[in-house]
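Trainee: Here you go, sequence then predicted model.
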Amino acid sequence: MTALTDPSVQLARAFGRRVADWVRTTGAAAADVDSVTFAAERLSLATSGGHVCLSLGVLSAMAEDATQAQAPPSAAEMDLPTFALSTPSSDAAPSRSIMQWRAVLLASGVVGRPAEEMAYPMILDQGDRLYLHRYFDYERRLAKRLSIALQQPRRTEGEAGRARLWQLLPVDSDALDRSNGQRRAVELALTRALTVISGGPGTGKTRLVADLLDCLLAQNPDERIALAAPTGKAATRLEQTLRASGLNTVVAAPQTLHRLLGVGSRTGTARHDAQRRLPLDTLIIDEASMLDLAMATQVLEAMPDKARIVLLGDRDQLASVEAGSVFASLSAQSAHQRPVDAIDLSIDKGRTPMTPNHDANAAAALEGAVFWLTENFRFSADSGLGQLASAIRSGQSAAALELLAHPQRCAGLGWIDPTSSATVQVQRMAMITGFTDYAQLIGQRTTTPALLLDQFERFRVLCALREGSCGVNACNEWISLSVRSEFRHRLDPGDSSPWYPGRPVLVLRNDYALGLFNGDSGICWPDEDQQLQVYFRHAGGVRAVAPALMPEHETAYALTVHKSQGSEFDRVLIILPPQAHPLVSRELLYTAVTRARDAVDLVASEAVINAAINHPGRRDSGLSARLDELAAESTQHPF
């Protein structure tokens, strides 16, 4: 895909042309028309890349670079997935100071201030952040809903709930161990209307959900509780944990956020919104780091004002594909949050947790609503995986490369340097070796869909990109050909059909009629009548869907790292592109590595690994500013 055929570029160009036509009607000078058009195009591209807004400081630097080089800054420089907009000289904007940019934009007739009620297509706030109108509206509405939750009075634990908590997680007099850390997080969720819990894979977030549910139901058996996640895969994993805890029979099964809201498959409208609230007392959202700004706003607005909201995720993981990084904004250590050790919760048995006193200042109140889980129970900090994940997360590229260069010191780590001429063969051997146990099951008569699904979850290939020789499409094509040729099943129809026994698929679009959702994975296998079906996990067993009825899907031996979020595998093979790429960020590499329970093999050059770890993803937003504004208003007008 070239820059000029990229949909995000086409959208930006179209938006720029529309804005230019509008500005010309005001009689603006040609230079000012060029400037506003330039700003509109770059803002459109920024939101396509996941940013909620574009700062005038960045915009000014981009215009200066474009004027000097007659080309836009690179994607790597701008931290955007695609920023390859061609900029001919006639479209270049003159260099301006931030103050001059502000004056030109506000005089254009297409950019408004937050307090103005006219429907301007763009909004410029006091912090010199430029927004598309709808994203500013989402951000302001989300901040308002968060403030409502933060200003709810503290709840008091019931005797039954507190007793159950201490039974589940008894006191350990030593320093914060699993029981103490988990207990403090549950205590916080029991006593707050909003709780944000962040922790990496293996820190016990999903187990914490089971403990919280146990306490809530002990406290009030009639508590109306919903469990949800952004994707079907994450919802399924949460359901499996609850099943293991014996709680799946007393609470409704976790569901996707779209299904929770009752979003229609045809109309796209939701049954529940700010006017038609969800009939809930508690909502727990797992994998909340995948929440984009629009969905976070819609879900939280649909909750009753006094309801309990618990968000769980990992602030260091990749953010949502759509615009916004809501969870990272809420859980980052800043003026609004403090780490877990600073949250003053009592751990003396029988006492109600105590938190610092706060006034109505919503920003300050968020300090006591955020909890970090830091202890990893999947692998120790001194294990190979633990050390590598820690080095990546903290931006220590030299330490990460040292670990990879000496795998004999750290079990579970493997590194394939693609600078070797035999890279393709080694990479392909690693892929097929990882799936050998799975592929061998295809030829066994005793194989069942459930057995295949279990085996398939043990290994996966994770790619940073979709296209190219190192991308998902190429890997899936090669693995499929290898499996079909070396482990051919007697019912394989051959090249006449993409369907064959053992083909794994990933659902890409929600289908409410079939009960299939984006992120669900299934396996093709013959039924008792020797007809090929696609089997999915369902209520502790499996269910079949005819291939002809399948919604949009793709082969799933290899996944993008984005699609792998919410999943865990025993071992993963990570394949990065041969050169540094703006998509390959610190968060992407961290997310990929932490999908593994036991072992990781990484195919990447030293230069690419170094570039990724030293390239933290950054998403611009003004959510903290919106919370500050609401806090200031509540201080000035307390009644």
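Mentor: Looks like it came in fine. The model shown is predicted, which means the values in this text are computed figures rather than measured ones.

Trainee: count of residues packed around the residue nearest to S397 when sequence neighbours are not counted?
Mentor: By the measure of C-beta to C-beta, 6 or more residues apart in numbering, the closest residue to S397 outside its immediate chain neighbours is I613, 3.9 Å from it. The C-beta positions use only the backbone N, C-alpha and C, and glycine is treated the same way. The burial count assigned to I613 is 24, neighbours taken as other C-beta atoms under 10 Å.

Trainee: Next: T436.
Mentor: 13.

Trainee: circling back to that earlier point, now do the contacts for the residue nearest to S397.
Mentor: For I613, the contact set (C-beta atoms under 8 Å, 6 or more residues apart in numbering) comprises 391-392, 395-397, 400, 586, 589.

Trainee: and the helix or strand that contains D454, what does it pack onto?
Mentor: According to DSSP states H and E, D454 maps onto helix 449-456. When contacts are defined as 3 or more C-beta pairs under 8 Å, 6 or more residues apart in numbering; DSSP states H and E, helix 449-456 packs onto helix 436-442, strand 521-526, strand 532-538, strand 541-545.

Trainee: Can you get me the centre-to-centre distance for it and its chain?
Mentor: Mean C-alpha position of helix 449-456 versus that of the full chain (C-alpha atoms, centre = their mean, to the nearest Å) differs by 26 Å.

Trainee: Who's the closest spatial neighbour of L238, skipping the chain neighbours?
Mentor: If you skip the residues right next to it in sequence, L238 has P254 as its closest partner in space, 4.4 Å away by C-beta to C-beta, 6+ apart.

Trainee: just checking, the one you found touches T231?
Mentor: No - the pair formed by P254 and T231 falls short of the contact definition of C-beta atoms under 8 Å, at 10.8 Å.

Trainee: quick one: pLDDT of A163?
Mentor: In this model, A163 is scored at 76, pLDDT.

Trainee: give the contact list for D211.
Mentor: Taking C-beta under 8 Å, 6+ apart as the contact definition, D211 lies against 165, 168-169, 182, 186.

Trainee: So which of these sits lowest on pLDDT?
Mentor: Lowest-confidence member of the contacts of D211: L169, scoring 68 (pLDDT).

Trainee: Can you report how many residues neighbour D222?
Mentor: Applying other C-beta under 10 Å, we find 6 residues neighbouring D222.

Trainee: what about it, which SS state?
Mentor: Reduced to three states with DSSP: H, G, I helix; E, B strand; the rest coil, the structure at D222 is coil.

Trainee: What's the separation between it and A149?
Mentor: Using C-beta to C-beta, to the nearest Å, one obtains 22 Å as the distance from D222 to A149.

Trainee: Next: A115.
Mentor: A115 sits 25 Å away from A149, taking C-beta to C-beta as the criterion.

Trainee: Would you tell me which of the helices and strands packed on helix 449-456 gets closest to Y512?
Mentor: Evaluated over the helices and strands packed on helix 449-456, closeness to Y512 peaks at strand 541-545, with 13.5 Å, by C-beta to C-beta.

Trainee: Just checking: what are the partner strands of that closest one?
Mentor: In the sheet containing strand 541-545, the strands it pairs with under DSSP bridges are strand 532-538 (antiparallel).

Trainee: Measure how far the strand it pairs with is from the centre of its chain, please.
Mentor: Strand 532-538 sits 26 Å away from the centroid of its parent chain (C-alpha atoms, centre = their mean).
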